[in-house]
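>>> Just need the structure, nothing else, for what follows:
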Amino acid sequence: MIKQFLGAAAMAALAFAQTEPPESWVDADTGHRVIRLTKERGSASLYFNQNWFTGGGRKLVYTIPNGIATLDLDTKRKSQVVEGRVRLIDAGRKTQRVYYARDGAVHWTDTESGETKKIADLPKRGGISTVNADETLLAGTYIEGEGEDYNGGRRAAEQPRNKGEMMERRWAARLPMALFTVNIATGETRIIHKANDWLNHLLFSPTDPGLLMFCHEGPWHKVDRIWLIRTEGKPQPKKVHSRTIAMEIWGHEFWSADGKTVWYDLQTPRGEDFWLAGYRVDTGERVRYHLQRDEWSIHFNVSRDGALFAGDGGDPGQVARAKNGRWIYLFKPELLLNRGIDDPSFIKPGVLHAEKLVNMSKHDYRLEPNVSFSPDKKWVIFRSNMFGDTYVFAVEVEKAAK
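Okay, the predicted model is just below:
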């Protein structure tokens with residue numbers, strides 16, 4: 001009967017209104033207030049270790065099905081700043097720019113003025129992954145030559161059965177790769193490292209424009225994953241962590257906001273004992289915070305002052321096999337007393353004390369939630385499909401007043 005009185009557009013609007021997630025609620029299991037930051041169906045926050053905020057922390061950058069949008073954290077004004085099919089690389093730490101790849105080239109757009117510039121064409125079989133602290137360099141990788149594909153030389157029809165098999169094939173292929181930088185002002189490229197390792201997950205330091213982190217990708221128990229390299233001079237990679245027991249794995253690395261520490265998920269061995277490990281790049285000091293199995297998260301992150309950590313949990317199909325791990329977590333770190341032993345070569349042990357922020361039991365973990373703190377540390381931001389479509393949400397770190 002309603003269809004007789006409403007046109008197609010009105011019916012679509014009514015259907016959306018009936019299914020649109022709530023704008024805010026207090027999680028009944030945790031007592032923390034959750035708000036929905038985005039209105040666009042299919043909108044999503046970035047990968048956990050990308051830079052989500054433009055210079056000064058003014059705007060949250062997120063993706064929408066037809067481009068890139070921003071949310072001004074002060075005015076709450078939302079704006080679409082890039083239209084079309086693109087791959088978002090990073091928000092600028094110094095300016096109000098966003099950097100992205102489209103049609104075989106990398107570009108930037110100023111989120112306030114709309115000014116857009118093409119920086120450089122992308123190399124064949126390659127791409128850009130990260131922007132440095134002062135927005136003078138990009139960094140990326142490419143596979144050299146015209147040879148094998150990511151399946152390790154198999155024809156395209158011979159697709160791997162799952163991600164694990166794909167990772168094994170690609171790692172075993174030992175394809176020649178180059179790690180390179182691009183000068184943002186001139187478009188000039190420079191190769192800084194070549195290898196037959198699978199080079200991936202490039203991430204510039206948030207404070208040192210010449211320091212780049214990257215990984216040797218592949219099955220985690222077979223690779224020495226995390227490396228640092230300087231982009232100037234004659235770069236020589238430096239390994240961040242070495243395996244000491246069989247099946248020890250580490251990865252999903254990220255920087256502290258001050259650029260002093262590389263943090264990463266460490267398991268000794270895989271799927272059995274869980275740590276959030278830190279490595280100080282200036283002193284070489286190390287710290288390890290222990291976690292319980294259910295508190296392990298696919299990705300972790302840290303507040304800008306380094307006082308708090310967050311995690312996005314995981315379902316039973318993840319490496320931790322958690323029975324009750326579908327939560328957004330807040331972690332408070334505690335270093336254990338050294339009892340008079342103060343040897344800087346020792347790893348400093350600690351624990352993470354977990355607090356549950358959001359019940360994620362209705363979230364499908366094939367979409368990784370990813371987490372990041374707001375610049376003021378008052379919110380943990382994440383993406384979720386708990387209501388069907390994907391949106392960006394934020395949960396308040398402090399419990400809601402009763």
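
>>> which residues of this structure score low on pLDDT?
Residues of the chain that meet the criterion pLDDT under 70 lie in 1-18, 147-160, 339-340.

>>> Find the residue at the geometric middle of it.
Most central in the chain under C-alpha atoms, centre = their mean is F48, positioned 2.2 Å from the mean C-alpha point.

>>> separation between that residue and R288?
The spacing between F48 and R288, counted by C-beta to C-beta, to the nearest Å, is 20 Å. Just so you know, the C-beta spots here come from the backbone N, C-alpha and C atoms, and that holds for glycine as well.

>>> mind listing the strands in the stretch 51-200 of the chain by residue range?
59-64, 67-72, 78-83, 87-91, 97-102, 105-110, 116-121, 126-131, 137-143, 177-183, 189-195, 199-204 (DSSP state E, counting those that start in this stretch).

>>> Any chance of CSV for the ones you listed, columns mean neighbour count and distance to P22?
Converted to CSV, the strands of the stretch 51-200 of the chain look like this (neighbours: other C-beta atoms under 10 Å; distance: least, C-beta to C-beta, whole Å):
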stretch, mean neighbour count, distance to P22
strand 59-64, 24, 19
strand 67-72, 20, 18
strand 78-83, 16, 18
strand 87-91, 21, 27
strand 97-102, 22, 29
strand 105-110, 19, 32
strand 116-121, 15, 36
strand 126-131, 22, 35
strand 137-143, 23, 39
strand 177-183, 21, 43
strand 189-195, 16, 48
strand 199-204, 22, 35
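
>>> Quick check: phi and psi at E144.
Backbone torsions of E144, given as degrees, to the nearest 10, read phi -80, psi 150.

>>> can I get the strands of the stretch 51-200 of the chain in JSON lines with distance to R230?
Output for the strands of the stretch 51-200 of the chain, formatted as JSON lines (distance: least, C-beta to C-beta, whole Å):
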{"stretch": "strand 59-64", "distance to R230": "28"}
{"stretch": "strand 67-72", "distance to R230": "30"}
{"stretch": "strand 78-83", "distance to R230": "32"}
{"stretch": "strand 87-91", "distance to R230": "20"}
{"stretch": "strand 97-102", "distance to R230": "21"}
{"stretch": "strand 105-110", "distance to R230": "22"}
{"stretch": "strand 116-121", "distance to R230": "21"}
{"stretch": "strand 126-131", "distance to R230": "14"}
{"stretch": "strand 137-143", "distance to R230": "12"}
{"stretch": "strand 177-183", "distance to R230": "11"}
{"stretch": "strand 189-195", "distance to R230": "8"}
{"stretch": "strand 199-204", "distance to R230": "11"}
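
>>> Can you say which of those is nearest to L367?
strand 59-64 (12.7 Å; C-beta to C-beta).

>>> That closest one packs against which elements?
Judged by 3 or more C-beta pairs under 8 Å, 6 or more residues apart in numbering; DSSP states H and E, strand 59-64 is in contact with strand 67-72, strand 87-91.

>>> Can you add distance to G313 and give these back as JSON lines?
Formatted as JSON lines, the helices and strands packed on strand 59-64 follow (distance: least, C-beta to C-beta, whole Å):
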{"stretch": "strand 67-72", "distance to G313": "24"}
{"stretch": "strand 87-91", "distance to G313": "24"}
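
>>> Can you tell me what sits against the lengthiest strand in the chain?
As assigned by DSSP state E, the longest strand anywhere in the chain is strand 348-359. With contacts defined as C-beta atoms under 8 Å, 6 or more residues apart in numbering, strand 348-359 is touched by 27-30, 32, 34, 276, 285-292, 295, 309-311, 326-336, 338, 380, 382, 393, 395, 397.

>>> Now list the buried members of these.
With burial judged by 16 or more other C-beta atoms under 10 Å, the buried subset of the contacts of strand 348-359 is 27, 30, 32, 34, 276, 285-287, 289-291, 295, 309-311, 326-331, 333, 380, 382, 393, 395, 397.

>>> Which of these fall in helices?
Taking DSSP state H, every one of those sits outside helices.

>>> Neighbours of S205, how many?
When neighbours are defined as other C-beta atoms under 10 Å, S205 has 21 of them.

>>> er, F300 actually
F300: 25 surrounding residues under other C-beta under 10 Å.

>>> Next, the contact list for it, please.
Residues in contact with F300 (C-beta under 8 Å, 6+ apart) are F48, H252, F254, W263, D265, L276, F309, A310, G311, F331, V371.

>>> what about 10 Å?
Counting by C-beta atoms under 10 Å, 6 or more residues apart in numbering, F300 touches 48-49, 252-254, 263-265, 276, 289, 291, 309-312, 329, 331, 352, 371.

>>> Could you report the separation of it from V371?
F300 is 8 Å from V371, by C-beta to C-beta.

>>> repeat for P22
Distance, P22 to V371, using C-beta to C-beta: 20 Å.

>>> Of these two, which one has the most company?
Just comparing P22 and V371: by other C-beta under 10 Å the higher neighbour count belongs to V371, 27 against 9.

>>> Against S361, how distant is that one?
In terms of C-beta to C-beta, V371 sits 17 Å off from S361.

>>> for V240, same thing?
For V240 relative to S361 (C-beta to C-beta), the value is 35 Å.

>>> Between the two, which has more neighbouring residues?
Using other C-beta under 10 Å as the criterion, V240 and S361 rank with V240 on top: 21 against 12.

>>> That one: what's it in contact with?
Here V240 is in contact with 213, 215, 224-228, 250, 253, 262, 264, 277, 279, 281, 284, 286 (C-beta under 10 Å, 6+ apart).

>>> Ok, G42 next?
The neighbours of G42, taking C-beta under 10 Å, 6+ apart as the test, are T63, I64, P65, N66, N385, D389, T390, Y391.

>>> Then R77?
Going by C-beta under 10 Å, 6+ apart, R77 touches K59, T70, L71.

>>> Of those, which is the nearest to F53?
K59 (6.6 Å).

>>> That closest one reaches Q96, doesn't it?
Yes: judged on C-beta atoms under 10 Å, K59 makes contact with Q96 at a distance of 6.9 Å.

>>> Give me the common contacts of the two.
Jointly contacting K59 and Q96 under the rule C-beta under 10 Å, 6+ apart are T70, V81, T111, E112.

>>> Burial check on the last one, number of neighbours?
What it means is E112. Residues lying near E112 (other C-beta under 10 Å) number 16.

>>> same deal with G164?
When counting by other C-beta under 10 Å, one arrives at 10 neighbours for G164.
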